[in-house]
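*Asks:* Return atomic coordinates for the entry below.
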Amino acid sequence: MPKGNPGGDAISSSVQKIGDAYGPIMREGMSVPVEGFPYFAVNAGYSRFSSGFIGLKYRTGGFCGLSLFGDFGFLKSDYGYPWNVGFGLCIKDFAWDLRFGNTGLCPNYGLMTDISYDWYFTEKFGVSAIVGFGLGDTKKNDPDLIWTWGISFSYKIWNR
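*Replies:* As a prediction, the model looks like this:
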């Protein structure tokens, strides 16, 4: 009887070699430079989640990057002023985000996932569109289902 697992050692060795070969390729793919990224922008618009809002957004560079943002609503609802903060992944002009905040849709807080698209028609000015769904009144045992759509105008304060 042979000792050990000779077939398993061969597989492990092959997987290691493939990982060593493709690791640098995958890392380089994550940092492919894209014109206009990274950037820091201010935006103002309307969304069902935040009502009228003004916000800040930062997107990192590369084909696949990170999105960070915060919005403050200036139209007070029965539940106070809306606000939200979030983060997500972006692929060029598309972003998939997760946001948390106070919303005018329900009491307490909302947690939402959304997809947004940024279209800059000049180097500095652009339009953003958003659609999403999530959970509202998150302090309840059975939270409400909420959804949003929105549009905003963006101005890049800084970009490379």
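
*Asks:* Can you tell me the element Trp149 falls in?
*Replies:* strand 144-159 (DSSP states H and E).

*Asks:* Direction included, what does that strand pair up with?
*Replies:* Applying DSSP bridges, strand 144-159 is found paired with strand 39-47 (antiparallel), strand 125-136 (antiparallel).

*Asks:* Output these in JSON lines; the columns should cover mean pLDDT, mean neighbour count and distance to Thr113.
*Replies:* Just so you know, the C-beta spots here come from the backbone N, C-alpha and C atoms, and that holds for glycine as well. JSON lines is the format used below for these (pLDDT from 0 to 100; neighbours: other Cβ atoms under 10 Å; distance: least, Cβ to Cβ, whole Å):
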{"stretch": "strand 39-47", "mean pLDDT": "95", "mean neighbour count": "19", "distance to Thr113": "14"}
{"stretch": "strand 125-136", "mean pLDDT": "96", "mean neighbour count": "18", "distance to Thr113": "6"}
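
*Asks:* Dump the ones you listed to TSV, plus distance to Gly70.
*Replies:* Compiled in TSV, the strands paired with strand 144-159 are given as follows (distance: least, Cβ to Cβ, whole Å):
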stretch	distance to Gly70
strand 39-47	11
strand 125-136	14
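
*Asks:* right, so of those strands, which gets closest to Pro107?
*Replies:* strand 125-136 (8.3 Å; Cβ to Cβ).

*Asks:* ok, now how distant is the closest residue to Trp149 other than its chain neighbours from Thr122?
*Replies:* Nearest residue to Trp149, sequence neighbours excluded (Cβ to Cβ, 6 or more residues apart in numbering): Val131, at 5.1 Å. Shown here: Val131 relative to Thr122, a distance of 25 Å by Cβ to Cβ, to the nearest Å.

*Asks:* and if you look at Asp137?
*Replies:* Distance from Asp137 to Thr122, by Cβ to Cβ: 41 Å.

*Asks:* same deal with Thr148?
*Replies:* 27 Å.

*Asks:* More neighbours: Asp137 and Thr122, which one.
*Replies:* Neighbour count, other Cβ atoms under 10 Å: between Asp137 and Thr122, Asp137 has more, with 17 against 8.
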